[in-house]
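Asker: Structure here, sequence nowhere to be found:
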């Protein structure tokens, strides 16, 4: 039998081409990973900068909110006085003016109290308590059953 020369062996030339393709793919993958890392780094910097900016802005918003509280209180008192005055002028009754002034204060407080009362029902974790009670009851019922 005669040997096959090296050039004419099947698949011999394909190996060199396959290695070159593999090298090209590895280089492309390495470049992609490098770009992904740089993009991730830039995204992290951007997120950190935006968080710092958000913190600074939230501080400003808090200060402005605190500054608005006295103004809102003065506006509420002014509205109450105006409504009390409107009740006083046609009737010339100081009592009616004071009642109107107090009504503007008391009626919203009563509305808010009812809202607080209805909202406070959710603070007791009633659903969780019901589930815990049902779980305990299930354990208790399971413990009382005789084993079969």
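Answerer: Happy to help now that I have it. Please read these numbers as outputs of a predicted model, since none were measured by experiment. Residues are numbered from 1 along each chain as shown.
Asker: For the helix ranked longest in the chain, what does the pLDDT average out to?
Answerer: Secondary structure of the chain per DSSP state H: the longest helix is helix 12-91. Mean pLDDT, computed over helix 12-91, is 88.
Asker: What helices and strands are in contact with it?
Answerer: Under the contact definition 3 or more CB pairs under 8 Å, 6 or more residues apart in numbering; DSSP states H and E, helix 12-91 sits against helix 94-120. For glycine as for every other residue, the C-beta is placed from the backbone atoms N, C-alpha and C.
Asker: mind listing what's buried in the helix it packs on?
Answerer: 97, 100-101, 104 (16 or more other CB atoms under 10 Å).
Asker: For residue 84, which non-adjacent residue is closest in space?
Answerer: In this structure, residue 84 finds its nearest non-sequential neighbour in residue 101, 3.4 Å apart by CB to CB, 6 or more residues apart in numbering.
Asker: Read off the pLDDT value for the one you found.
Answerer: 95.
Asker: Touching, it and residue 86? I think so.
Answerer: No. Using CB atoms under 8 Å, residue 101 is not in contact with residue 86; the gap is 10.4 Å.
Asker: ok, and what's touching stretch 96-105?
Answerer: Stretch 96-105 is contacted from outside by 79-81, 83-88, 91, using CB atoms under 8 Å, 6 or more residues apart in numbering.
Asker: Drop anything exposed from those.
Answerer: Buried subset of those (neighbour count, 16+ other CB under 10 Å): 80, 84, 87-88.
Asker: returning to that earlier point: next one: the residue nearest to residue 84 from residue 90, what distance?
Answerer: Going from residue 101 to residue 90 by CB to CB, to the nearest Å gives 15 Å.
Asker: Likewise for residue 40?
Answerer: 72 Å.
Asker: again, but for residue 113
Answerer: Distance from residue 113 to residue 90, by CB to CB: 31 Å.
Asker: And for residue 45?
Answerer: On the measure of CB to CB, residue 45 and residue 90 end up 67 Å apart.
Asker: One more: residue 72?
Answerer: Taking CB to CB as the measure, residue 72 falls 29 Å from residue 90.
Asker: got it, and residue 112?
Answerer: For residue 112, the distance to residue 90 equals 30 Å [CB to CB].
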